[in-house]
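Engineer: any chance you could fold what I've pasted below:
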Amino acid sequence: MKKIAVSIIVLVAIGVGVFLIISYREPAPEALSPEKESELLTGQATPELAEIGKIKRDIITEVEDRIVKYQEDFLYSEDDFSVILENEDEFKSQLIEKFKKEIIGVEALNCKVDLDDFKKSAALKCNVKGARYSTNSYNMHFLLGNWPFDLMNFKQFEKKLTWEGEIDDIPTSIVFEFPYTLSHCHEHVWPK
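Structural biologist: Next up, the predicted model:
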């Protein structure tokens with residue numbers, strides 16, 4: 001009986017010790033977003049680049065046979081753009097890789113980034129392969145799948161669809177252009 005009582009006392013003492021150790025840990029540092037933490041841990045971003053914010057963005061796509069020509073223009077503050085210029089190669093590489101990770105079910109080819117010092121902007125340009133699902137018909141899910149809206153929220157014109165609003169708190173305009181009079185549903189576009 002004494003052995004059982006001693007064992008219980010030892011277990012309770014160990015439990016109290018573990019509890020005290022856990023509760024007196026140093027407070028955790030301010031948390032980073034998972035994306036920024038990953039970039040910093042893998043050495044893929046300097047702290048300055050991880051904190052650059054976009055002021056505005058414009059997305060334009062134009063279909064040409066089997067390819068969707070994609071262009072996304074980002075506008076930055078003068079201070080942020082000077083950080084971009086100081087880390088130009090790293091910035092361009094990160095912008096391209098982030099886009100390639102975000103698109104769904106397609107492949108981005110021949111990507112490049114052009115910087116405009118006068119406008120304080122960056123233009124990401126890629127050819128997107130894999131969005132065409134039949135002759136002149138395209139599945140725009142590769143972009144729309146990341147956003148809280150679909151083509152039904154776009155204004156329809158004869159050969160293009162447009163949208164303006166905010167994505168991730170960034171004022172954004174989107175234009176999808178086609179070489180024909182179009183019809184569409186939530187994510188697909190085809191000739192009328």
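Engineer: hey, let's count contacts and neighbours off CA atoms from now on
Structural biologist: Will do.
Engineer: any idea how many residues pack against residue 70?
Structural biologist: For residue 70, the count of nearby residues is 18 (other C-alpha atoms under 10 Å).
Engineer: now do residue 156
Structural biologist: Counted by other C-alpha under 10 Å, the residues lying close to residue 156 total 16.
Engineer: show me what contacts it?
Structural biologist: Residues counted as contacts of residue 156 (C-alpha atoms under 8 Å, 6 or more residues apart in numbering) are residue 162.
Engineer: ok, now residue 175?
Structural biologist: So residue 175 contacts 59-61, 160-163 (C-alpha under 8 Å, 6+ apart).
Engineer: buried members of those into PyMOL, please.
Structural biologist: One line in PyMOL is enough to select the buried ones among those; burial here means 16 or more other C-alpha atoms under 10 Å:
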select buried, resi 59+60+61+160+161+162+163
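Engineer: so where do the strands sit in the chain?
Structural biologist: Taking DSSP state E, the strands of the chain run over residues 54-64, 67-76, 107-116, 121-129, 132-134, 137-139, 155-156, 160-167, 170-177, 182-184, 188-191.
Engineer: per-residue confidence at the residue nearest the centre of the chain?
Structural biologist: With distances taken as C-alpha atoms, centre = their mean, residue 102 lies nearest the centre of the chain, 5.4 Å away. On pLDDT, residue 102 comes in at 94.
Engineer: repeat for the one 5 residues further on
Structural biologist: Predicted confidence (pLDDT) at residue 107: the value is 97.
Engineer: next one: residue 181
Structural biologist: 96.
Engineer: one step back: need the nearest residue in space to the residue nearest to the centre of the chain, chain neighbours excluded.
Structural biologist: residue 146 (7.5 Å; C-alpha to C-alpha, 6 or more residues apart in numbering).
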